[in-house]
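Student: Predicted model follows, preceded by the sequence.
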Amino acid sequence: MSNGYVKRSIRLRSDLARRLADHASARRASQTAVIEAALESFLSPDASDRLEAALARRLDRLNRDLARLEWHVELSNETLALFIRNWLSAAPASPNGSDQVARAQARERWERFVVMLNRRMEHGPRLMRELSGEHDGK
């Protein structure tokens with residue numbers, strides 16, 4: 001028992017022994033050092049706290065990502081619903097030969113569409129509420 005070390009003999013499954021050897025070789029460390037580090041981590045009193053904190057950080061990041069994704073999907077749904085509603089209600093056929101007038105009308109309609117979409121995304125009724133029969137007053 002010189003220098004504070006105790007010799008232990010253990011048996012490992014062959015696949016685990018191979019993985020240990022590969023890992024130690026890749027890290028340029030001894031197998032003893034890898035086993036010591038693994039045991040230190042496994043037996044440390046705060047190992048579960050560190051794991052829980054890491055999982056909590058990951059879940060928080062996933063929640064933020066999911067909220068962003070939800071907003072973008074909602075924006076896409078609202079855009080499509082508003083576009084279809086506007087197209088069906090305000091798309092008279094333009095007479096032949098008036099390309100400049102038609103382009104000007106298209107530009108004006110597009111600007112109105114963007115303004116309406118912004119207004120709707122900020123505080124207007126959402127498509128899901130409209131479809132479910134709910135209104136702002138409820």
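Tutor: Nice, I can see it. Numbers count the residues shown, from 1 in each chain.

Student: Contact partners for Arg50?
Tutor: Neighbour list for Arg50: empty [criterion: C-beta atoms under 8 Å, 6 or more residues apart in numbering]. For the C-beta atoms, the positions are set from N, CA and C on the backbone; glycine is no exception.

Student: quick one: which helix or strand includes it?
Tutor: Taking DSSP states H and E as the criterion, Arg50 maps to helix 47-89.

Student: Got phi/psi on Ser30?
Tutor: When quoted as degrees, to the nearest 10, the phi and psi of Ser30 stand at phi -80, psi 160.

Student: what does Arg13 give?
Tutor: The phi/psi pair for Arg13 (degrees, to the nearest 10) reads phi -60, psi 150.

Student: Same check on Ser9?
Tutor: Dihedral angles of Ser9 (phi, psi; degrees, to the nearest 10) stand at phi -110, psi 130.

Student: Next one: it from Leu59, what distance?
Tutor: For Ser9, the distance to Leu59 (C-beta to C-beta, to the nearest Å) stands at 42 Å.

Student: So, low pLDDT: which residues of the chain?
Tutor: For the chain, the stretches with pLDDT under 70 are 1-2, 88, 91-97, 128, 131-138.

Student: ok, now with 80
Tutor: 1-3, 45, 47-48, 84-103, 105-106, 109-110, 123-138 (pLDDT under 80).

Student: before we move on, the earlier item: could I get the buried residue list for the helix or strand that the helix holding Arg50 is followed by?
Tutor: As assigned by DSSP H and E, the chain's next helix or strand after helix 47-89 is helix 99-123. Buried residues in helix 99-123, counted by 16 or more other C-beta atoms under 10 Å: 113, 116-117, 120.
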